[in-house]
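Undergrad: requesting a structural model of the entry that follows:
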Amino acid sequence: MADKNSDIWAEINSDLKEKTESGYKMALLDSDKLLRNVLKEKGYPGKDLKKQLFWAGINLSGRADLKDAIKKKDEVLNTQDYRLSTFEIEDFLAAYKKAIEWVLSAQKLGFKRKIGLYFENCFFLKNTSLTKLIAAILVVFFGIKLLSSTDTGKSIVTKVVDVDNLLFDWLKVLILIGLSVAVVVFISFLYLDKKKKIKIKE
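TA: Below is the predicted model of the structure:
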């Protein structure tokens, strides 16, 4: 660990030894500062801590302890009279320490590592419908590309396209029939409604 980071650790320990509310607050703020420093040294980009953690492979949605610690740090910064208990500070500092040790043990962020982390965070850690849809589209496109590179594949693609055209033609016919029926029903309804009004007047 760099001398600068060692100095921050020393400050955190010194703040804790005070056993005062102001000391606890400073220890929490210094822990946040230290985490940001090690993330920056490792080359993780991002304008805010959440984005830096994303590139470090730390997903806050699965790390409630760290998420709570960061939230508490923001509350301490924005609330002048906020009070921290001994139990709270121990839990929050433990969460920060765990994250700091994780980042320190990780390799520096190179281009390959950056691409790997992007896919890891977007496609594996996040199980969303959007990512599934994107993955399905990519599989289809790569499948078509692979099939079109061989004679057998081209034959399969041609047959699939023929079936697709046939289905589409039938779909057009069904839509036209449906629209025709709808128009007839609508005109019949208007005619009967008009006839009913004439009878009422008579």
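Undergrad: which strands and helices sit next to the helix or strand harbouring V161?
TA: For V161, the host element (DSSP states H and E) is helix 151-201. Identification of packing neighbours for helix 151-201 by 3 or more C-beta pairs under 8 Å, 6 or more residues apart in numbering; DSSP states H and E yields helix 129-147. The C-beta positions use only the backbone N, C-alpha and C, and glycine is treated the same way.
Undergrad: per-residue pLDDT, S6?
TA: pLDDT recorded at S6 is 76.
Undergrad: secondary structure element for it?
TA: Per DSSP H and E: helix 3-18 holds S6.
Undergrad: can you pull the buried residues of that helix?
TA: Buried residues in helix 3-18, defined by neighbour count with 16 or more other C-beta atoms under 10 Å: 5, 8, 11-12, 15-16.
Undergrad: can I get stretch 45-52 in PDB, CA atoms only?
TA: Output in PDB follows, covering the C-alpha atoms of stretch 45-52 (Å, rounded to 0.1, in the frame of the first residue of the first chain):
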ATOM      1  CA  PRO A  45     -12.600   5.000 -14.100                       C
ATOM      2  CA  GLY A  46     -15.800   6.800 -13.100                       C
ATOM      3  CA  LYS A  47     -16.900  10.200 -11.900                       C
ATOM      4  CA  ASP A  48     -18.500   8.700  -8.700                       C
ATOM      5  CA  LEU A  49     -17.800   5.900  -6.300                       C
ATOM      6  CA  LYS A  50     -20.600   3.700  -7.600                       C
ATOM      7  CA  LYS A  51     -19.100   3.700 -11.200                       C
ATOM      8  CA  GLN A  52     -15.600   3.100  -9.900                       C
END
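Undergrad: give the residue spans of the protein that score low on pLDDT.
TA: 1-3, 109, 113-114, 116-132, 135, 147, 153, 195-202 (pLDDT under 70).
Undergrad: K19: how many residues sit nearby?
TA: 10 (other C-beta atoms under 10 Å).
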